[in-house]
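Engineer: 3D model of this:
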Amino acid sequence: MMFSNCVSNNLLKLFIALSAFHAINCAQSPKLEVICAPKTIANEGTQANLECTYTVPNDVKVKGVTYDHNGQTVYTYQVGSEPIVTDDEFQGRLSRYGSEQTASIRIEQLRGSDAGTWRCNIITDKFTMAFDETVLEVNVMPSINSIFRQPEGELEVGSSVTLTCEVDAQDSSPTISFFQKKEEFGKGTERFASQKPTFTINSVSISDAGEWYCLAENSVGSSQSSKLQLIVKHIPFAVSQNPRQFNASLGTNARLDCQFETYPALKRSTWYQRETTAFGRVNWLPVESLSLISPNSLESSEGSSSSSYSGGGGRFKEGVAGADTAVLHIRAVEAGDLGVYKCSADNGVGKGECEVRLEEGEEIIPNTSKRTSDKSVSSSPSHGFTLTLTLISLLRTCELFW
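Structural biologist: Residues are numbered from 1 along each chain as shown. Down below sits the predicted model:
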């Protein structure tokens, strides 16, 4: 009985000692585990480091490392061999870095398509495996697919229109802005910031006509759309606000004209001469009334229309030259023809008015160019400038006599 108790006590002591040894050994031997950074964020065109480390038990050796991108194996590394990139999209861009105890990889020249879930797999010589995942976010430069508007077609003054900038961006929404080019008035551009990819003009005006663009910006860069042309139909309005003066000698022919900003093109013009009564009352007497005269009925801004002379004893002929110029020809100017004339131009949307003055004297070549910018134009040497004016004057005189 005493021998039996002794053996039991010894077995118990041995069991306790083995348990303690096993506990100490297990505490010193790590378990098989992979730990990756939860998320990595980088900009397109830069590089991203996917940080992953691992631990293995003392009696286990790492045989290799693989990486999966969105479920597809793209990288394989076996101890003692060169890494293999199995996806052509990552050739020359994906490599391992860090110590042997890490399984970190580096992706260079980042693309938007590199984003997604990356899984690091550790394979051991015991045919066991452990893994962990990390998420890669790639901030890409926004790309504009198109800029369009609703409604389509030509716009009426006072109507509304909405511009939409269709952006393709794989990160958070970029900042959108819309701008209009106004170089013809020397104003450069005007920008309108918007937190949404739309911009609404609630009451369209003439100044809204022209080229529109949208711009998408984020931390990576910016992208500009192609142009969107807004066409606004409006009544004609005179380019020159003050009455322009034309000179003509009595007995010669005269040509008066008014230029308009207009869309669509002028369809017809009606001219009136101002008459002041003895009581100071002002009357406007029509020199003639004609139906539609096509802009093509005049060969050019200096050409002649196919209409015949009428009014004032058959000495007046009115018409339209080009798309934006109303013209009045007067044959054999008389003293009663001198004074102020008013032109009423119609483009189908509405009418606009312009006044000019005819005085007796040597003909003046008026400057009929439209406003383009605030820049001045330098002239050539005086003798060349005088010669040019003389030639123009001769050509104008010939034209007046047809």
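
Engineer: could you pull out the helices for this protein?
Structural biologist: 2-28, 382-400 (DSSP state H).

Engineer: Lowest mean pLDDT across the ones you listed, which one is that?
Structural biologist: Ranked by mean pLDDT, these end with helix 382-400 in last place, scoring a mean of 38.

Engineer: For residue 266, see how far away residue 260 is.
Structural biologist: Going from residue 260 to residue 266 by CB to CB, to the nearest Å gives 7 Å. Every residue, glycine included, has its C-beta placed from N, CA and C.

Engineer: Could you count how many residues lie near residue 250?
Structural biologist: Using other CB atoms under 10 Å, residue 250 has 11 neighbouring residues.

Engineer: That one against residue 358, yeah?
Structural biologist: No - between residue 250 and residue 358 there is no contact, the gap being 11.1 Å when judged by CB atoms under 8 Å.

Engineer: where do the contact lists of these two overlap?
Structural biologist: Here residue 250 and residue 358 have residue 333 as joint contacts, going by CB atoms under 8 Å, 6 or more residues apart in numbering.

Engineer: what's the overlap in contacts for residue 260 and residue 266?
Structural biologist: 236, 324, 325, 326, 345.

Engineer: Looking at those residues, which is nearest residue 316?
Structural biologist: residue 326 (13.2 Å; CB to CB).

Engineer: Quick one: residues contacting that closest one.
Structural biologist: Neighbouring residues of residue 326 by CB under 8 Å, 6+ apart: 257, 258, 260, 266, 269, 271, 318, 319, 320, 343, 345, 354.

Engineer: and with 7 Å instead?
Structural biologist: 257, 258, 266, 269, 320, 343, 345 (CB atoms under 7 Å, 6 or more residues apart in numbering).

Engineer: The residue nearest to the second one when sequence neighbours are not counted and residue 149, how far apart?
Structural biologist: Distances taken as CB to CB, 6 or more residues apart in numbering put residue 354 closest to residue 258, at 3.5 Å, once the chain neighbours are dropped. Using CB to CB, one gets 32 Å for the distance from residue 354 to residue 149.

Engineer: Looking at those two, which has the bigger crowd around it?
Structural biologist: Between residue 354 and residue 149, counting by other CB under 10 Å, residue 354 is the more crowded of the two (25 against 19).

Engineer: can I assume the more buried one is in contact with residue 341?
Structural biologist: No - taking contacts as CB atoms under 7 Å, residue 354 lies outside contact range of residue 341: 9.1 Å.

Engineer: For stretch 223-240, measure first residue to last.
Structural biologist: Criterion CA to CA, to the nearest Å; first-to-last residue distance in stretch 223-240 is 40 Å.
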